[in-house]
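J.: the sequence isn't on hand, but the structure is:
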């Protein structure tokens, strides 16, 4: 303890009062708009900041204050944390952590670089991204690519404990951040393209000891569901709800991965998240609803027991993972105050639910090109209540194996992937980064080998036809009406998490590398600056020394670095019709940089 | 013990082969690699012979029967629908009316299931793996199969680490090695552009039988 105090003095760091009480600390930090204590901005995942020094009137004058190279040239998702006077920056594989001194122009206080077997790299579908660090009670949590969860002393970088959550030899890897809640850390896992049966696990934040684990599919006791008390659309799910929805043992390699974002409501004590696609991508090989893949889960933070579930895409036929964030808001709905949960699913529907009961309130398309389903059945009396009404032409199940189903919108990467939306309580609008991409999808039979990809479909992607030709939009969404309020065309998918502020500004990044600021009411562009590489990171804000800063990671990659790097063509548009926005590679290059902006003095 | 691709520090062709796995495709690969080694030993004289023959252009050409093949060489078709050149290397074949051989078409499908997540659509490359439509301009059939079976690693300091997984145990790749090669060679030669092949020969019964045997299905 003495050593730590000295170190802090030597560095001239204004010593932050490290909280002693469990979880109290993080809650306090989250409430303080000067700090950015959790990847998602707050437990509700609103990505909203009360800071307003930078506002719609002056954001046009913003300048780069300082920048930092991470030294890694891979896709950079997530963003930095700011705790007191220290900024914590992470990198993609090999998952380096830097603690930077904000009192000394970002001087490196400590650096931690784990040793990981590079053989984990190719097990990670679609690049070696990592969506960032977490903090609680003086500890920085790093969830490595190889699924090792490490707790580091936030002051020194010293390793306190570590625990292994999965086995990369079986295709289990990690890209996600973790969520500290009270005395636990909530942890997910990836591997849906490797036939992993995924789960969510809570570890004791002091020791790393496992407290509970709930699988996405399998027997009731392994999923942590109560057949009588756990509900779906208001009714008890009944015994063996998952096992009955799979053929044979397919559930054992069933996917349902949990690599998205987590939110938490202290009042209900529920943790909210979504489960991913069922394995394989060939729907013919897994008859049934494949519960509870593609599902919104509400679990008790202390026990893991599920209170309610809602499956958005039963028997997935398109890889529409349900992992995107759940944004928790208290708003008026039909004239009454409601505790809402809003979710922009990969399947192209924006859902609004009552987060206490799981009641479905709104489900509407948040991109007009979405065509695989006409709508979600909202008639409570209907036998298909809550289910999407699938269009036969776009059903890869009905068209069958070895048949190419053409022109399905959205593509497998969804109308939105993990890139998180923001919510402003000032406008009551959600700001959503989206993909505007469609696909042809042809499923075929595959065999399973542990640790090897287990995909089972060929797909080709192209910009949404008969639209603006670009592959993305940035939209403002009214979650109570299920309507787009305004929409900005983007040449490429918007793969960066948004930030909304009390200054009436919304920030997001683009794949060409622009950081953009737009007016939160109208969407009018107020500022843009081209950073060295494409942005797939999430925008963060904090205040230091009386000044508000905006920070974002650049470093193109991830799913976005695949097709988009080479450019996507519309196969139906004929030869050579690559369009104006062909290859991302002619706009930007690999990189790994943090850029921090502020108003001039 | 199962021999996982992950965590093996020093892969060799022998190790990479799955235990108890006997489909003809993979055995043939092993044999090919061995015969290549023998060929290397007698390289000087083989080179001398090759000089007397007209050099084959490393691009698409028109074969005597009017079809498009690698270098315009004559290709013979077997009962599975596979075309091979006189040296035994598989090739694509696009008939004068544009009909493409089954292997190239099948390779397109398998590529866009197993490889495109890293190597990009149509072999165009991504931010973290090379464009195979370029690589196959110089890689031989043997080099191609060697990399796909055993993987490849370029891991350094300060660079973006590159790791190609070993697919030696993955039937979804091993049973289609020739298909993948033929498709990518057609892309590298410029015989196929970035569109999905439409007109194609049908899958033959012999192909289906071989496929089932490779997967150990009845």
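T.: Looks like it arrived, so ask away. Source: prediction; values computed, not measured. Numbers count the residues shown, from 1 in each chain, chains lettered A, B, ... in the order given.
J.: and residue A:173, how many neighbours?
T.: Per other Cβ atoms under 10 Å in any protein chain shown, the neighbour tally for residue A:173 reads 27. Glycine gets a C-beta too; all of them are placed from N, C-alpha and C.
J.: ignore what I typed, I meant residue A:60.
T.: Using other Cβ under 10 Å, the number of residues around residue A:60 comes to 12.
J.: that one touches residue A:525, doesn't it?
T.: No: counting by Cβ atoms under 8 Å, residue A:60 does not reach residue A:525; the two are 9.6 Å apart.
J.: which neighbours do these two have in common?
T.: With contacts defined as Cβ atoms under 8 Å, 6 or more residues apart in numbering or on different chains, the residues shared by residue A:60 and residue A:525 are residue A:517.
J.: ok, and the closest non-adjacent residue to residue A:258?
T.: The shortest distance from residue A:258 to any non-neighbouring residue, by Cβ to Cβ, 6 or more residues apart in numbering or on different chains, is to residue A:188 (3.4 Å).
J.: ok, now which ones touch the one you found?
T.: Residue A:188 touches A:174, A:176, A:178, A:198, A:200, A:257, A:258, A:259, A:260, A:262, A:273, counting by Cβ under 8 Å, 6+ apart.
J.: contacts only, for the last one.
T.: Residue A:273 makes contact with A:188, A:200, A:258, A:260, A:261, A:262, A:263, A:296, A:297, A:323, A:326, according to Cβ under 8 Å, 6+ apart.
J.: same question for the third one.
T.: Contact criterion Cβ under 8 Å, 6+ apart gives A:134, A:141, A:143, A:149, A:185, A:186, A:187, A:188, A:262 as the residues in contact with residue A:178.
J.: neighbours around the residue lying closest to the last one once chain neighbours are set aside, how many?
T.: If you skip the residues right next to it in sequence, residue A:262 has residue A:179 as its closest partner in space, 4.0 Å away by Cβ to Cβ, 6+ apart. Number of residues near residue A:179 (other Cβ under 10 Å) recorded here: 28.
J.: residue A:179 is in contact with residue A:200, isn't it?
T.: No: Residue A:179 is not in contact with residue A:200 according to Cβ under 8 Å; the separation is 10.0 Å.
J.: tell me which stretches of chain B form helices.
T.: In chain B, the helices defined using DSSP state H lie at B:13-16, B:24-41, B:43-52, B:102-114, B:116-119, B:132-135, B:141-150, B:171-174, B:177-188, B:205-215.
J.: which residue is nearest the centroid of chain B?
T.: Centroid check for chain B by Cα atoms, centre = their mean gives residue B:181 as the closest residue, at 2.1 Å.
J.: got a list of what that one touches?
T.: B:90, B:107, B:136, B:141, B:144, B:145 are the contacts of residue B:181 under Cβ under 8 Å, 6+ apart.
J.: could you single out the nearest of those to chain A?
T.: In terms of Cβ to the nearest Cβ, no member of the contacts of residue B:181 lies closer to chain A than residue B:107, at 10.7 Å.
J.: got the buried residues for stretch B:135-147?
T.: Under the neighbour-count criterion of 16 or more other Cβ atoms under 10 Å in any protein chain shown, stretch B:135-147 has B:135, B:136, B:139, B:141, B:142, B:144, B:145, B:146, B:147 buried.
J.: nearest spatial neighbour of the third one, chain-adjacent residues omitted?
T.: Read that as residue B:139. Per Cβ to Cβ, 6+ apart, closest to residue B:139 is residue B:147, 7.6 Å.
J.: the one you found and residue B:164 touch, don't they?
T.: Yes: using Cβ under 8 Å, residue B:147 is in contact with residue B:164, at 6.2 Å.
J.: that older thread, filter the contacts of residue A:273 down to just the ones in helices.
T.: Per DSSP H, helices hold no members of those.
J.: what does the stretch 201-350 of chain A put close to chain B?
T.: Residues of the stretch 201-350 of chain A lying near chain B by Cβ under 8 Å from any Cβ of the partner chain: residue A:281.
J.: in the stretch 201-350 of chain A, what residue lies closest to chain B?
T.: For the stretch 201-350 of chain A, Cβ to the nearest Cβ, closest residue to chain B: residue A:281, 8.0 Å.
J.: burial measure for residue A:333, as a count.
T.: When neighbours are defined as other Cβ under 10 Å, residue A:333 has 17 of them.
J.: could you do the one 3 residues further on as well?
T.: Using other Cβ under 10 Å as the criterion, residue A:336 is surrounded by 7 other residues.
J.: residues in contact with it?
T.: If you count contacts by Cβ under 8 Å, 6+ apart, residue A:336 has none.
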